[in-house]
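K.L.:
next come a sequence and a model predicted from it.
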There are 4 protein chains.
Amino acid sequence: MQLTPPLPPPGPIRLFVTGGTFDKEYDELRGTLYFKDTHLPEMLRLGRCRLEVSIRTLMMVDSLEITDADRSVIVQNCRHCHERRIVITHGTDTMVETARALAADVRDKTIVLTGAMIPWAFGSSDGLFNLGSALSFVQSLPAGVYIAMNGRYFNWQKVRKNRETGVFEEIP
Amino acid sequence: MQLTPPLPPPGPIRLFVTGGTFDKEYDELRGTLYFKDTHLPEMLRLGRCRLEVSIRTLMMVDSLEITDADRSVIVQNCRHCHERRIVITHGTDTMVETARALAADVRDKTIVLTGAMIPWAFGSSDGLFNLGSALSFVQSLPAGVYIAMNGRYFNWQKVRKNRETGVFEEIP
Amino acid sequence: MQLTPPLPPPGPIRLFVTGGTFDKEYDELRGTLYFKDTHLPEMLRLGRCRLEVSIRTLMMVDSLEITDADRSVIVQNCRHCHERRIVITHGTDTMVETARALAADVRDKTIVLTGAMIPWAFGSSDGLFNLGSALSFVQSLPAGVYIAMNGRYFNWQKVRKNRETGVFEEIP
Amino acid sequence: MQLTPPLPPPGPIRLFVTGGTFDKEYDELRGTLYFKDTHLPEMLRLGRCRLEVSIRTLMMVDSLEITDADRSVIVQNCRHCHERRIVITHGTDTMVETARALAADVRDKTIVLTGAMIPWAFGSSDGLFNLGSALSFVQSLPAGVYIAMNGRYFNWQKVRKNRETGVFEEIP
């Protein structure tokens, strides 16, 4: 017996890509990390994802380099897209700042930001775990702005990244 | 502004391991697939998971070989564990049958079954994506028995595995 | 100062594929191992190999299933190809038998057989190491039939696979 | 029938580690590449290598930062170790300079330098292929100083790295 009614089907999901560790690659001629194309389509294929997901790359930057103008681009895209469920891949260092900007301006949508500590192009990335997590929370959480990291979700105003451990923590 | 109240913290999660493709390994002396130990702790570490998760291996079998007695072991463990949120890793072929047995006997708990199409020991597994997904749904869905595969969740009585495509589908 | 003269350039290399653990894949619908296409071109690309290598797939079988007729196909191909340096990927269980057949019939060519203990499609395969090794020995060893496994090369008449450890060993 | 005599067994091999792309890792707190410990023992295990190899880390640096003093350390270690077969892992950018220094001072030993274009910690590294290759050439080439990259070996005085393609090329 199931006491609560089944949730309504979640509908289409928008996936905005902004770069971050998720999509860093190794430039073998220079020996440095850089951004080329997003790995998100490949990751969704690997996860055998059958959700209705539309991907759009807004920018490809390290989150330490995201400006107010960039944040405004992210906010405007979230406001004006027709989907009510949005996942954003984002560098972890300023993820909370972007979440705050979104919460100030976007209503009635479920927005989940996620990222990775290790680039997907590395074999040992946490990215696929986090992507599965973010896509699941976005289907099942009520409207609001959330961060999905470390298997958990956090309301945007109750979380910070601990810079010494790399772990996202709840704040009172 | 956020219109809906934040969900209460999900509390501890129980993770029951039953085997399935998730945990298949390659036996290099015999050239066949077999089960040794579960990879779940390693996968949680890779995903940098910080949830309160207790893992218990109930069995290590291919789901085509799960008997009624095995199912009873799974049901009893779900009934009697003190956690109210449970994830079960399970072979995909008979995942729906086990879900049905759980729904008949376990109430007031959120149970999410998940699996993998490719063994975790293979580099290209969907397992990490599915694990991130199942751990997220179990925190955010109401009591009931669900299957989490392909980025989606399904109520146990509305899903089947399409044997020709390997994809889980909703049934009316 | 270098006392010995540089070796002449090795010329083109022929790579014959016969299957074996190297090329086993996981059939996600049946949950079993099977053969599809060879992974050799992908492996050469990953190794950034710039040798002049021509690949030809002769068969795609487990080496326990190689028949005398199959061996004859391998021998004829080695005799009649115009390259004088040949690498053969082969299942490890009967690699020595095929080497013996080659030594009886092919002269004046350097032939190196190699294989893998773990399928390449698994992330933790020894295949790329063995391929790099075989392609190097074939350039630098004199005419003869050799097995390259475990970082070593063996003259065909002085080696056996230890079935209990999976390691190739020299025999007196 | 085999026309040429079998080569004598190659004896013990010394493996000197100097860093380079081979051993770069991703620092997940800083988002940069750095050196920690060498991955060589793990790589030899993965390749199921059964050669008698002694590993010694001489330095852990990017090859663009190798100084004349560092090169002198490498040369002295190659001169004074008792093994006559030596593999050196080294960044690719100045590998040829180190080879030149070795050729000027070390005689009667077979020395093979190798490296990687992609860090081993990345899933798609060429490192394992190159390691298999270098360990094979060092067993089968006469005394001299060589570079093993791209599946080929080069005499030290006849090779350069093409900085635009990342490929090692023979020079006349």
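P.N.:
Arrived safely, thanks for sending.
K.L.:
just the helices in chain A please.
P.N.:
Listed in chain order, the helices found in chain A under DSSP state H are A:40-46, A:68-80, A:95-105, A:127-140.
K.L.:
can you list contacts of the second one?
P.N.:
The list of residues contacting helix A:68-80 from outside it, by Cβ atoms under 8 Å, 6 or more residues apart in numbering or on different chains, reads A:14, A:16, A:18, A:56, A:58-59, A:61, A:86, A:88, A:97-98, A:101-102, A:105-106, A:109, A:111. Glycine gets a C-beta too; all of them are placed from N, C-alpha and C.
K.L.:
and the residues you listed, which are buried?
P.N.:
Among those, those that count as buried by neighbour count (16 or more other Cβ atoms under 10 Å in any protein chain shown) are A:14, A:16, A:18, A:58-59, A:61, A:86, A:88, A:98, A:101-102, A:106, A:109, A:111.
K.L.:
can you name the two of these that sit furthest apart?
P.N.:
A:Val61 and A:Lys109 (23.3 Å; Cβ to Cβ).
K.L.:
for chain D, what is the nearest residue in chain A?
P.N.:
A:Gly123 (3.2 Å; Cβ to the nearest Cβ).
K.L.:
next, count neighbours for that residue.
P.N.:
By the criterion of other Cβ atoms under 10 Å in any protein chain shown, A:Gly123 has 16 neighbours.
K.L.:
for A:Leu33, which non-adjacent residue is closest in space?
P.N.:
Nearest in space to A:Leu33, with sequence neighbours left out and distances taken as Cβ to Cβ, 6 or more residues apart in numbering or on different chains, is A:Lys24 at 4.7 Å.
K.L.:
cool, and A:Arg56?
P.N.:
On the basis of Cβ to Cβ, 6+ apart, the spatially nearest residue to A:Arg56 that is not a chain neighbour turns out to be A:Phe16, at 5.8 Å.
K.L.:
is there any residue in stretch A:111-122 that contacts chain C?
P.N.:
No. When contact is scored as Cβ under 8 Å from any Cβ of the partner chain, no part of stretch A:111-122 falls within range of chain C; the minimum is 12.0 Å.
K.L.:
right, I mislabeled it, should have said stretch A:36-43
P.N.:
No. Judged by Cβ under 8 Å from any Cβ, stretch A:36-43 and chain C are separated, with a smallest distance of 15.2 Å.
K.L.:
list the contacts of that stretch.
P.N.:
For stretch A:36-43, the external contacting residues (Cβ under 8 Å, 6+ apart) are A:15, A:17, A:22-23, A:25, A:55, A:57, A:60, A:89, A:120-121, A:127-128, A:131, B:129.
K.L.:
among those residues, which one has the most neighbours?
P.N.:
Using other Cβ under 10 Å as the neighbour definition, these reach their maximum at A:Leu131, which records 32 neighbours.
K.L.:
what score does the residue nearest to it when sequence neighbours are not counted have for pLDDT?
P.N.:
Using Cβ to Cβ, 6+ apart and skipping the chain neighbours, the partner closest in space to A:Leu131 is A:Met43 (5.6 Å). At A:Met43, the pLDDT value in this model is 96.
K.L.:
against A:Ala116, how distant is A:Met43?
P.N.:
From A:Met43 over to A:Ala116 the distance is 10 Å, taken as Cβ to Cβ, to the nearest Å.
K.L.:
more neighbours, those two?
P.N.:
More neighbours sit around A:Ala116 than around the other of A:Met43 and A:Ala116, counting by other Cβ under 10 Å; the figures are 27 against 21.
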